[in-house]
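Novice: Quick one, what's the 3D model for this:
(one chain, ligands or ions: 1)
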Amino acid sequence: MVGQFDTHDVFNQAPPLEGYDVFAADRALGEAVDREGAAWARPELGTLGLLAGSAGAQELGRLANEHGPALHTHDRYGHRIDVVEYHPAYHDLMRVSLAHGLHAGPWSDPRAGAQVARAAKVIVWYQVDAGHICPVSMTYAVVPALRHQPEVAAVWEPMICSTIYDPANLPIAQKAGATCGMALTEKQGGSDVRSNTTRAEPVASGSDGSYRLTGHKWFCSAPMSDGFLMLAQAPGGISCFLAPRWRPDGTRNPIRIQRLKDKLGDRSNASSEIELLGAWAQLIGEEGRGVRTIIEMVNHTRLDCVLGSTAIMRQGVAQATWHATHRAVFGKPLAEQPLMANVLADLALESEAATASALRLARSYEAPAGDEHENLLQRLLTPIFKYWTCKRAPEHAAEALECLGGNGFVEESPMARVFRQSPVNGVWEGSGNVICLDVLRALTREPDALEAYWSEVAQADSGDARLARAIDDLHVDLSEPETLEPRARSVVERMAVVFQASLLVRFAPEPVADAFCASRLGGARAGAFGTLPAGTDNAAIVARHAPI
Ligand SMILES: Cc1cc2nc3c(=O)[nH]c(=O)nc-3n(C[C@H](O)[C@H](O)[C@H](O)COP(=O)(O)OP(=O)(O)OC[C@H]3O[C@@H](n4cnc5c(N)ncnc54)[C@H](O)[C@@H]3O)c2cc1C
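Specialist: Model prediction:
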């Protein structure tokens with residue numbers, strides 16, 4: 001009989017969390033989708049949500065990580081081939097992502113709400129496997145940068161917008177769709193990309209304005225992508241280039257994959273070191289303006305770091321509440337033990353705040369160039385939430401894992417993978433300090449962005465006295481710009497929390513908003529999750545966030 005051993009029966013173990021709709025189960029996400037203008041996407045989100053919650057998809061995620069990518073530098077005759085081989089599960093995951101437009105939906109169908117719809121899809125599907133979302137995200141993010149060079153965009157954008165995943169290692173002219181990556185980071189510095197030493201030399205004989213890139217890149221994820229945006233030192237200064245895997249004449253571009261990184265997490269995704277041996281590349285934007293051009297891509301991948309960390313927190317809440325509902329300790333369900341209820345509710349609050357702010361941020365990415373308020377908001381909120389959401393994710397994942405006890409710490413539990421993934425969004429696309437310094441840069445260079453921020457949070461300040469006081473305190477914090485740099489982390493954290501509180505006060509159920517303000521404003525934040533004040537309606541908060 002199933003479950004029966006020679007010495008004992010198996011009981012009091014939670015069943016696996018599967019066979020449910022990941023989207024429908026996430027009430028906070030559904031409400032944010034409606035609020036931010038993407039209610040029309042609910043049917044497709046439901047389809048993706050059901051798929052994400054299926055045992056089959058969860059298995060794909062496990063397989064793609066268990067059997068990670070392998071690099072083959074040479075064929076059996078000794079020819080250089082530079083091919084990364086993936087498990088079929090990885091390709092299946094990519095296929096779903098592209099079919100649902102996670103890589104390009106807002107570019108191929110830019111209707112109102114498209115960025116929000118895509119953001120929600122990323123949050124849902126990331127919970128199956130985070131690693132393959134890296135190439136999906138880079139493919140999405142490359143488009144705004146490519147548009148700086150319209151004739152190049154005219155060739156690549158239709159290929160990028162294809163919903164067909166075509167992993168064939170062929171020139172794009174022979175393919176049904178294309179994916180893209182980026183290679184900025186070099187050994188001597190990733191944050192300081194102006195220190196890049198890769199050289200770009202114009203091809204003297206070329207009439208196509210092409211360049212040859214020579215140098216190395218220390219991190220290049222998804223090296224089987226069809227094209228990569230790179231920075232290199234051109235005669236006119238650091239510039240942005242598109243280097244395809246195959247040259248237009250159908251020969252392989254000399255981009256050598258030296259080795260794959262052996263990473264803490266993100267294991268389904270190949271991250272490589274590459275060498276450029278005079279690789280053919282096209283200039284994107286103006287020579288000498290490479291940082292300004294690539295920042296268009298970086299901002300969109302930063303948005304995706306926020307979405308990824310939001311997904312990590314949602315997955316943690318779903319797994320922890322599910323386990324605690326099905327596990328009994330000392331005579332009653334774990335979820336009903338008062339101290340565990342406090343932990344679960346606190347984790348849920350963080351997840352809901354992250355979800356609300358992530359989707360509000362995604363909406364700002366839809367703004368037309370003339371919508372100054374939304375553009376300013378996007379400029380400031382992107383680094384604020386890149387910093388804070390990514391900072392919260394590892395702490396959150398560790399606590400959610402602990403809710404499952406020993407079962408959370410074994411590799412068979414999804415939480416082990418979630419935990420190992422959780423720090424990565426904080427590292428890439430600008431690590432914590434760099435991002436906080438970017439907030440300060442935005443405050444200095446675009447003072448109106450702060451006005452846009454104040455006008456947003458002011459919409460809630462009469463709703464909660466604690467929030468009104470926190471806004472006043474923040475005004476004082478920001479009033480001494482000359483001392484801001486060493487205080488940047490604490491100020492950015494408070495800007496994030498105040499903004500999140502304002503969204504929850506305006507839109508979340510009263511127990512959620514009340515508990516968030518009570519536990520996170522006015523210096524109330526304690527060190528660990530599970531420290532909500534007495535009187536918090538933990539049961540109501542947990543019930544709202546239970547996955548089924
Ligand atoms: C899994 C993974 C995949 C990646 N994939 C890619 C990829 O595809 N393409 C790519 O280009 N890169 C990629 N990266 C690289 C990543 O973007 C860099 O690691 C990151 O930008 C940091 O650069 P660095 O490692 O050189 O660290 P550094 O730049 O040396 O920074 C080290 C630390 O110093 C801090 N710091 C830097 N400047 C300051 C300052 N002025 N004041 C205070 N603190 C500061 C940073 O916040 C950071 O904490 C990947 C990284 C990982 C982990």
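
Novice: Please, which helix or strand holds A470?
Specialist: helix 465-477 (DSSP states H and E).

Novice: One more: A528?
Specialist: Judged by DSSP H and E, A528 forms part of no helix or strand.

Novice: so what's it up against?
Specialist: By CB atoms under 8 Å, 6 or more residues apart in numbering, A528 lies in contact with E399. (C-beta placed from N, C-alpha, C; glycine too.)

Novice: my read is E275 is in a strand, agree?
Specialist: Yes: assigned with DSSP: H, G, I helix; E, B strand; the rest coil, E275 falls within a strand.

Novice: Do you have the strands of the protein handy? List them.
Specialist: Using DSSP state E, the strands of the chain run over 70-74, 80-85, 180-183, 199-202, 210-221, 227-234, 237-244, 255-260, 271-284, 328-329, 332-333.

Novice: Can you mark which positions in stretch 188-203 are buried?
Specialist: The neighbour-count check on stretch 188-203 (16 or more other CB atoms under 10 Å) flags 190, 193, 196, 198-200 as buried.

Novice: Show me what from the stretch 51-200 of the chain comes close to the ligand.
Specialist: For the stretch 51-200 of the chain, the residues in contact with the ligand (CB under 6 Å from any ligand atom) are 181-185, 189-191.

Novice: Let me have those in a markdown table, extended by pLDDT.
Specialist: As requested, those are exported to a markdown table (pLDDT from 0 to 100):
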| residue | pLDDT |
| --- | --- |
| G181 | 98 |
| M182 | 97 |
| A183 | 97 |
| L184 | 96 |
| T185 | 97 |
| G189 | 92 |
| G190 | 93 |
| S191 | 94 |
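
Novice: now the closest residue to Y211 other than its chain neighbours: how far from G250?
Specialist: Spatial nearest neighbour of Y211, chain neighbours left out: A200 (4.5 Å); criterion: CB to CB, 6 or more residues apart in numbering. A200 sits 23 Å away from G250, going by CB to CB, to the nearest Å.

Novice: OK, contacts around the closest residue to the ligand within the stretch 51-200 of the chain?
Specialist: Residue nearest to the ligand within the stretch 51-200 of the chain (CB to the nearest ligand atom): G190, separated by 2.2 Å. Residues near G190 by CB under 8 Å, 6+ apart: 184, 218-219.

Novice: go again using 10 Å as the cut-off
Specialist: Neighbour list for G190: 184, 196, 217-219, 427-431, 434 [criterion: CB atoms under 10 Å, 6 or more residues apart in numbering].

Novice: ok, now P150?
Specialist: E157.

Novice: ok, now P167?
Specialist: Here P167 is in contact with 86, 90-91, 94-95, 175, 177, 179, 224, 226 (CB under 10 Å, 6+ apart).

Novice: Kindly report the same for L98.
Specialist: Each residue near L98 by CB under 10 Å, 6+ apart is listed here: 104-105, 135-136, 139, 160-166, 177, 179.

Novice: Of these, select the buried ones using a ChimeraX command.
Specialist: Per 16+ other CB under 10 Å, the buried members of these correspond to this ChimeraX selection:
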select :104,105,135,136,139,160,161,162,163,165,166,177,179
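
Novice: Taking the contacts of L98, tell me the two that lie furthest apart.
Specialist: Farthest pair in these (CB to CB) is G105 and D166. Separation: 17.8 Å.

Novice: what pLDDT does the residue nearest to R111 when sequence neighbours are not counted get?
Specialist: Spatially, and ignoring its direct neighbours in sequence, R111 is nearest to W40 (7.9 Å; CB to CB, 6+ apart). Note on W40: pLDDT of 98.

Novice: wait, doesn't W40 sit right on A117?
Specialist: Yes: the criterion here is CB atoms under 10 Å, and W40 meets it with A117 at 7.6 Å.

Novice: Now do the shared contacts for the two.
Specialist: With CB under 10 Å, 6+ apart, W40 and A117 have common neighbours 33, 111.

Novice: And these two? Which one has more around it.
Specialist: A117 (28 against 15; other CB atoms under 10 Å).

Novice: contacting residues for the more buried one?
Specialist: 33, 36-42, 44-45, 100-101, 105-106, 109, 111, 359, 362.

Novice: for Q174, same thing?
Specialist: If a contact means CB under 10 Å, 6+ apart, then Q174 has 166, 168, 246, 250 as its contacts.

Novice: let's see it at 6 Å
Specialist: With contact set as CB atoms under 6 Å, 6 or more residues apart in numbering, Q174 has no partners.

Novice: For this structure, what lies in contact range of the ligand?
Specialist: With CB under 6 Å from any ligand atom as the criterion, the chain comes near the ligand at residues 181-185, 189-191, 219-221, 263, 266, 271, 424, 427-429, 431-434, 437.
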